[in-house]
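Trainee: test case, fold it:
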Amino acid sequence: MMRNLIPKGTLRQMLLPPTFGLHLTRGAEFTVLSVEVWSTCLVVNIHVESAAGRAVPEIAIEDHWGTLYTFRDSASLGFRNLQVFTPSVPPGTRSLTIRSTDDADARLVVSFAVPRIRNAEDVDQVPMSHPSRLRRPA
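Mentor: Coordinates of the predicted model:
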């Protein structure tokens, strides 16, 4: 059964990693492709190298404030895995760090710079043609 993981809310930003690289843990081989910053949550888009015999990666997200984001849901389709975390990033957040928690020591996977995110009131004032008003197609 396929679950619909498209978040409610507005897609504020799509963050791409500064480098792409394969991350190896005891449980998974994976590459973080992007992080979608929604007004209600974060969606991490992961490519899992070997769907057969390899587990979905266990990750944690933290911002520069030290906020740990809570894992809410995950869905896999072939080699792709989407993981949803809450809450969304607050205005003023400068970076997000993803760590692998498959191993005993939470190893750094990738860090993302977060461009200035408008607060909710500012987003509502932006015209519909503005890129920050992008929504995922139905």
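Trainee: in the protein, which spans are helices?
Mentor: 120-125 (DSSP state H).
Trainee: pLDDT weak spots in this protein?
Mentor: 1-5, 50-54, 104-105, 117-138 (pLDDT under 70).
Trainee: longest strand anywhere in it?
Mentor: strand 29-38 (DSSP state E).
Trainee: partners of it, with directions?
Mentor: Here strand 29-38 has these sheet partners by DSSP bridges: strand 11-15 (antiparallel), strand 23-24 (antiparallel), strand 42-48 (antiparallel).
Trainee: Arg107 is nearest to which of these?
Mentor: strand 23-24 (8.0 Å; CB to CB). Where you see a C-beta, it was placed from the backbone N, CA and C, and this is true even at glycine.
Trainee: can you pull the buried residues of the longest strand of the chain?
Mentor: Phe30, Thr31, Val32, Val35, Glu36, Val37, Trp38 (16 or more other CB atoms under 10 Å).
Trainee: ok, now which ones touch the residue most central in space within the chain?
Mentor: Taking CA atoms, centre = their mean, the centroid of the chain lies closest to Val44, which sits 2.6 Å from it. Counting by CB atoms under 8 Å, 6 or more residues apart in numbering, Val44 makes contact with Val32, Ser34, Val35, Ile59, Ile61, Leu82, Gln83, Val84, Phe85, Ile98.
Trainee: which PyMOL command selects the buried ones in these?
Mentor: Buried residues within the contacts of Val44, by 16+ other CB under 10 Å, are selected in PyMOL with:
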select buried, resi 32+35+59+61+82+83+84+85+98
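Trainee: adding distance to Ser74, write the strands paired with strand 29-38 out as CSV.
Mentor: CSV is the format used below for the strands paired with strand 29-38 (distance: least, CB to CB, whole Å):
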stretch, distance to Ser74
strand 11-15, 19
strand 23-24, 17
strand 42-48, 9
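Trainee: of the ones you listed, flag the one that's most buried.
Mentor: Greatest average neighbour count among those goes to strand 42-48 (a mean of 20), per mean count of other CB atoms under 10 Å.
Trainee: and that strand, C-alpha only, in CSV?
Mentor: The C-alpha coordinates for strand 42-48 follow below in CSV (Å, rounded to 0.1, in the frame of the first residue of the first chain):
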residue,chain,number,x,y,z
LEU,A,42,11.2,18.7,6.7
VAL,A,43,11.4,15.9,4.0
VAL,A,44,14.7,14.2,3.5
ASN,A,45,15.1,12.6,0.0
ILE,A,46,17.5,9.7,0.2
HIS,A,47,18.9,7.3,-2.5
VAL,A,48,19.5,3.9,-1.0
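Trainee: nice, that's everything, thank you.
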